[in-house]
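**Q** Need a 3D model of the sequence below.
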Amino acid sequence: MSRHKIQETNTKQIQILKFQYPMRFAGIGESINIKHWPNFSGLAKLGVNELFGSLVIRLLVIVCILFLGVWLFIIGGCTSKSSLSRTTNEIPVPQQKLEDFRLITTEGGIKTWELEARAAQIYEKLKQTYIQDFKTYLYEEGELASILSARRGILNMTTSNMKATGNVVVTSTKGSRLETEELHYLFPTGNQKGKFVTEEFVKITEPDRITTGYGLEIDSDLENAKIKRDVKVKVEALSVP
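**A** Down below sits the predicted model:
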């Protein structure tokens, strides 16, 4: 009886080893008892479904990003075109371009100023004339008071006011000289004389002194000067014969 039990025990051990070894050494070509393998079909199907779902989500995200990029590109292009069109439409176009331009204004039959410019561009809609390399002869009560010259200027055709920029020089018939980089001429109104005003640095040279400073209001004949700040006066020594 004992011998028989021992054989039965060995048989069970051998069956257990047959189940374990094929699982452990399947990679080296040993026989495999398929009956003892667990069922992995459900896990395999689950992995494929998860992988497919992940790929679909990624593709949808990529498509959405591409669509958003194309949409932004189209919107940006349309905005740029509309901005460019609007900017182009806002650029004024001169109605006349003239060389050796000359203009004389009078009031009550009396000459008030005379303008000579190398070139002029007339903007009728803006009521402005842009002038280059010009001289303006200013008159007070029909008499020449001063001469204004500059590289560039803008003349208001309605008010006759003028803005001069670039190497601006005004000389009076009394021997005074004004120098600055920007100067506004205000046409005389009523009983007031024409005036020059600026916020830039100015230099006024007179026979007996030189005055400098920032900000100026002065009559068109270079009389009654009012300099606002940083005023410096250098008195010239008079030569004694």
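**Q** Tell me, how many residues neighbour residue 73?
**A** Applying other C-beta atoms under 10 Å, we find 10 residues neighbouring residue 73. All C-beta atoms are positioned from the backbone trio N, CA, C, and that covers glycine.
**Q** pLDDT weak spots in this protein?
**A** Judged against pLDDT under 70, the low-scoring parts of the chain cover residues 1-54, 75-90, 237-241.
**Q** Got the domain ranges for it?
**A** The record, using automatic domain parsing to delimit domains, assigns the chain the ranges 2-35, 38-90, 96-235.
**Q** if you compare those domains, which one is most tucked away?
**A** Neighbour counts averaged per stretch over those are highest for domain 96-235, at a mean of 16; criterion: mean count of other C-beta atoms under 10 Å.
**Q** residue boundaries of the helices in this protein?
**A** Under the criterion DSSP state H, helices of the chain are mapped to 2-24, 41-90.
**Q** in the sheet, who's paired with the residue nearest to residue 233 when sequence neighbours are not counted?
**A** Using C-beta to C-beta, 6 or more residues apart in numbering and skipping residues adjacent in sequence, the residue nearest residue 233 is residue 211, 5.1 Å away. Bridge pairing for residue 211 (DSSP bridges) gives the partners residue 204, residue 233.
**Q** tell me the contacts of residue 211?
**A** Residue 211 is in contact with 203-204, 225, 227, 231-234, counting by C-beta atoms under 8 Å, 6 or more residues apart in numbering.
**Q** Relative to residue 147, which of those residues is nearest.
**A** Taking C-beta to C-beta as the measure, residue 204 is the one of the contacts of residue 211 closest to residue 147, at 15.2 Å.
**Q** OK, contacts around that closest one?
**A** For residue 204, the contact set (C-beta under 8 Å, 6+ apart) comprises 176-179, 210-212, 218, 222, 225.
**Q** Those residues into CSV, with extra columns for distance to residue 158?
**A** CSV is the format used below for these (distance: C-beta to C-beta, whole Å):
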residue, distance to residue 158
176, 30
177, 30
178, 26
179, 29
210, 37
211, 34
212, 34
218, 24
222, 26
225, 28
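**Q** now, which of the residues you listed lie within strands?
**A** Cross-referencing the contacts of residue 204 with the strands (criterion: DSSP state E) gives 177-179, 210-212, 218 as the overlap.
**Q** Farthest-apart pair in those, please.
**A** Using C-beta to C-beta, the two most remote members of the ones in strands among the contacts of residue 204 are 210 and 218, lying 14.9 Å apart.
**Q** circling back to that earlier point, can I get the ones in strands among the contacts of residue 204 in JSON lines with distance to residue 148?
**A** Below are the ones in strands among the contacts of residue 204 laid out as JSON lines (distance: C-beta to C-beta, whole Å):
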{"residue": "177", "distance to residue 148": "12"}
{"residue": "178", "distance to residue 148": "9"}
{"residue": "179", "distance to residue 148": "12"}
{"residue": "210", "distance to residue 148": "20"}
{"residue": "211", "distance to residue 148": "19"}
{"residue": "212", "distance to residue 148": "19"}
{"residue": "218", "distance to residue 148": "12"}
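**Q** Relative to residue 91, which of those is nearest.
**A** When those are compared for distance to residue 91 (C-beta to C-beta), residue 179 comes out closest, at 33.3 Å.
**Q** Give me the distance between the two termini of stretch 202-211.
**A** With C-alpha to C-alpha, to the nearest Å as the measure, the ends of stretch 202-211 fall 8 Å from one another.
**Q** residues contacting residue 189?
**A** Residue 189 touches nothing, counting by C-beta under 8 Å, 6+ apart.
**Q** Isn't residue 169 up against residue 179?
**A** Yes - Residue 169 is within contact range of residue 179, at 5.6 Å (criterion: C-beta atoms under 8 Å).
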